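Trainee: Structure of the sequence below:
(one chain, ligands or ions: 1)
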Amino acid sequence: MDNTERGTRGWVSQAVRRIERDFQRSADTHLMPLELPGFPGIAFYIKDESTHPTGSLKHRLARSLFLYALCNGWIRQGTTIVEASSGSTAVSEAYFARMLGLPFVAVVPRSTSSAKVALIEFYGGRCHYVESADQVYEEAQRLARECKGHYMDQFTYAERATDWRGNNNIAQSIFEQMGSEPHPVPAWIVLGAGTGGTSATIGRYIRYNGHATQLCVVDPENSVFVDYYAGRDPGVTAAGSSGVEGIGRPRVEPSFIPDVIDRMLRVPTAYSYAAMRLLATLTGRRFGGSTGTDFHGALQLACEMKAKAQTGSIVMLACDSGERYLDTYYDDEWMKANGHDLRAAMAALQAVCRTGVWVHGSAEGASRDEAGAAKGKEPRSAAPAMNGASSWSYAGT
Ligand SMILES: Cc1ncc(COP(=O)(O)O)c(C=O)c1O
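Mentor: Down below sits the predicted model:
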């Protein structure tokens, strides 16, 4: 028995070339500077991943996953592609599936924004709904088995499908674009984790190149990553979805690599939304909720730097644009209906931007050393340890 069907290799080779040509036609994403009055000597940068052809950071992941699966022999002409996603990865994969003429099914939580669903369908994909985020995996596996298709499984393969040493990955792009800045090696890079693939790529790249940059991963409420980072219990779970689409997961994903992360911070949901809206007023650009989570983390780290009289640069990721969340995170009626009042969070964050001072009442972050010390402790529950601003206080409000 052999595995060399005539024609299959030819199709795969054409498919790879097609994806490479698409890459060749694409421009790199921008790195936008942001200055805040409360932080003289600290330069913020936003790596704007919303400008990819499919509108998010997940364009990079989808390209890598398709190439990985094609070169592994997992996708052939006519193979149905099935993916479990909170939306953005499915949008990008639908784009590549259409490019290759392959049927695409996205298994998404019912809460996925209507704008993302419309985009998946625009690219010819079909959405298959489950009630909550923790049901996507099994359902996607089942569907793929049933139709003899390929379950792409971003949560397992994200960390290995991307070449972390370079090859134009996001880390290489950031460091190259920072090259002529006053502080070219960032003190911090701040991002969230969905699969964990991007933090794995950036963390490995930093180590491979010997940079002094530290990697901070921000985690929303109702996600397990902070708890896993601190306690290393792989069985930790959270019910339902995080309040921030794209980041935070109900289980520890195989692509989440904790040892390349220097610090984790938990961000209350209302503060992610407020930071997202504040950033829109500061930049004139609307980004998604997860960018708000990043901005909140960046502000917290900047306050710490300022308190220690340090100067330097902080890079944060903007994963997608706010256009996908106009009827949710940017809609006051939606906020009210979902029990969020952003006024206190907004006032607090505005004061931080103005004064550069932040006092937090309880340590919600975990450093690698703290996490080491926490090993062997009772694992904490993934249920939100705080609500709203109760354990946070800001100076100058
Ligand atoms: C702000 C932000 N950072 C990072 C990520 C990383 O995603 P992943 O962990 O899947 O690479 C996301 C995903 O949506 C995001 O929104």
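Trainee: Close to the ligand: what parts of the stretch 151-300 of the chain are there?
Mentor: Contact residues (Cβ under 6 Å from any ligand atom) of the stretch 151-300 of the chain with the ligand: 158, 191-199, 246-247, 290-291, 294. Every C-beta, even on glycine, is put in place using the N, C-alpha and C of the backbone.
Trainee: what mean pLDDT does the strand or helix carrying L70 have?
Mentor: If you go by DSSP states H and E, L70 is part of helix 58-71. Averaging pLDDT along helix 58-71 gives 97.
Trainee: Identify each buried residue in that helix, please.
Mentor: Buried residues in helix 58-71, counted by 16 or more other Cβ atoms under 10 Å: 58-70.
Trainee: Tell me which other helices or strands the helix or strand just after it touches.
Mentor: Next helix or strand after helix 58-71 toward the C-terminus (DSSP H and E): strand 81-84. Counting contacts by 3 or more Cβ pairs under 8 Å, 6 or more residues apart in numbering; DSSP states H and E, strand 81-84 is packed against helix 88-100, strand 104-109, helix 136-146, strand 150-151, helix 154-161.
Trainee: partners of the fourth one, with directions?
Mentor: Sheet pairing for strand 150-151, assigned by DSSP bridges, gives strand 81-84 (parallel).
Trainee: Now tell me what touches the partner strand from outside.
Mentor: Outside strand 81-84, the residues that touch it by Cβ atoms under 8 Å, 6 or more residues apart in numbering are 75, 89-90, 93, 97, 102-107, 136-137, 139-140, 143-144, 147, 149-155.
Trainee: same thing with stretch 207-220?
Mentor: Residues from elsewhere that reach stretch 207-220 (Cβ under 8 Å, 6+ apart): 164-165, 175, 185-193, 199, 202-203, 206, 225-226, 229, 242-244, 247-248, 260-267, 269, 272, 293-294, 296-297, 301.
Trainee: That stretch spans what distance, first to last residue?
Mentor: With Cα to Cα, to the nearest Å as the measure, stretch 207-220 spans 26 Å from end to end.
Trainee: so how far is it from its chain's centroid?
Mentor: The chain centroid and the centroid of stretch 207-220 are separated by 14 Å, computed with Cα atoms, centre = their mean, to the nearest Å.
Trainee: Likewise for stretch 255-263?
Mentor: Here stretch 255-263 is found 14 Å from its chain centre; the criterion is Cα atoms, centre = their mean.
Trainee: pLDDT of it, averaged?
Mentor: Here the average pLDDT along stretch 255-263 is 98.
Trainee: ditto for stretch 356-371
Mentor: Here stretch 356-371 scores 56 as its mean pLDDT.
Trainee: what do you get for stretch 195-211?
Mentor: Looking at stretch 195-211 alone, the average pLDDT works out to 98.
Trainee: For that stretch, list every residue counted as buried.
Mentor: Buried-residue list, stretch 195-211, by 16+ other Cβ under 10 Å: 195-206, 211.
Trainee: Just flag the most distant two among those residues.
Mentor: Spanning the widest gap among the buried residues of stretch 195-211 are T195 and H211, at 22.9 Å by Cβ to Cβ.
Trainee: can you map out the strands along the protein?
Mentor: 30-34, 42-48, 81-84, 104-109, 126-130, 150-151, 188-192, 214-220, 263-267, 312-318, 359-360, 366-367, 392-393 (DSSP state E).
Trainee: can you put those strands in JSON lines and add mean neighbour count?
Mentor: Below are the strands of the chain laid out as JSON lines (neighbours: other Cβ atoms under 10 Å):
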{"stretch": "strand 30-34", "mean neighbour count": "14"}
{"stretch": "strand 42-48", "mean neighbour count": "22"}
{"stretch": "strand 81-84", "mean neighbour count": "28"}
{"stretch": "strand 104-109", "mean neighbour count": "25"}
{"stretch": "strand 126-130", "mean neighbour count": "16"}
{"stretch": "strand 150-151", "mean neighbour count": "20"}
{"stretch": "strand 188-192", "mean neighbour count": "28"}
{"stretch": "strand 214-220", "mean neighbour count": "27"}
{"stretch": "strand 263-267", "mean neighbour count": "24"}
{"stretch": "strand 312-318", "mean neighbour count": "25"}
{"stretch": "strand 359-360", "mean neighbour count": "13"}
{"stretch": "strand 366-367", "mean neighbour count": "20"}
{"stretch": "strand 392-393", "mean neighbour count": "16"}
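Trainee: Out of the ones you listed, which gets the lowest mean score?
Mentor: Among the strands of the chain, strand 392-393 carries the lowest mean pLDDT, at a mean of 46.
Trainee: The closest residue to E245 other than its chain neighbours and A133, how far apart?
Mentor: Excluding the flanking residues, the one nearest E245 by Cβ to Cβ, 6 or more residues apart in numbering is S86, at 5.5 Å. Applying Cβ to Cβ, to the nearest Å, the value for S86 to A133 is 7 Å.
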